[in-house]
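**Student:** Pasting the sequence and the predicted coordinates here, then a few questions.
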Amino acid sequence: YQPDYQDTICNDYPETKCSSICTGCNCPIYDRYLLKVAPDLEWHVQCLKCSECGQYLDETATCFVLDGKPFCKSDYIRYVSI
């Protein structure tokens, strides 16, 4: 059994208090860094990726949110033009 990233996040630091819950995996954010996409949407760096293509969205990629789902620029444009 190889634990995945979400198992590690949810179980490694249960005694540590956190101030945020990741929108992507619904686990507490204990990390030093998080990505805040909107006032109420916070993500682990490893969890924020495009809902369509799976591209990771970080400080080098433009992130768009529609109905609470993150999109890269090209998928967002494609999605809203349907």
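**Tutor:** Noted; the coordinates are in hand. Numbering: from 1, shown residues only.
**Student:** measure residue 80 to residue 29 for me?
**Tutor:** To residue 29, residue 80 is 29 Å away according to CB to CB, to the nearest Å. Backbone N, C-alpha and C define where each C-beta goes, glycine included.
**Student:** The residue nearest the centre of the chain: what's it in contact with?
**Tutor:** Nearest to the geometric centre of the chain sits residue 48, at 2.8 Å (CA atoms, centre = their mean). The contact partners of residue 48, taken as CB atoms under 8 Å, 6 or more residues apart in numbering, are 24, 35, 37, 56-58, 63, 70.
**Student:** how does it look with 10 Å?
**Tutor:** Residue 48 sits next to 22-24, 34-37, 41-42, 55-58, 61, 63, 70 when contact means CB atoms under 10 Å, 6 or more residues apart in numbering.
**Student:** hang on, the earlier thing: ok, residue 80 and residue 29, which is more surrounded?
**Tutor:** Between residue 80 and residue 29, counted using other CB atoms under 10 Å, the more crowded position is residue 29 (21 against 10).
**Student:** count of residues packed around the residue lying closest to the more buried one once chain neighbours are set aside?
**Tutor:** In space, and not counting its chain neighbours, residue 29 is closest to residue 20: 4.3 Å by CB to CB, 6 or more residues apart in numbering. For residue 20, the count of nearby residues is 15 (other CB under 10 Å).
**Student:** All set now, cheers.
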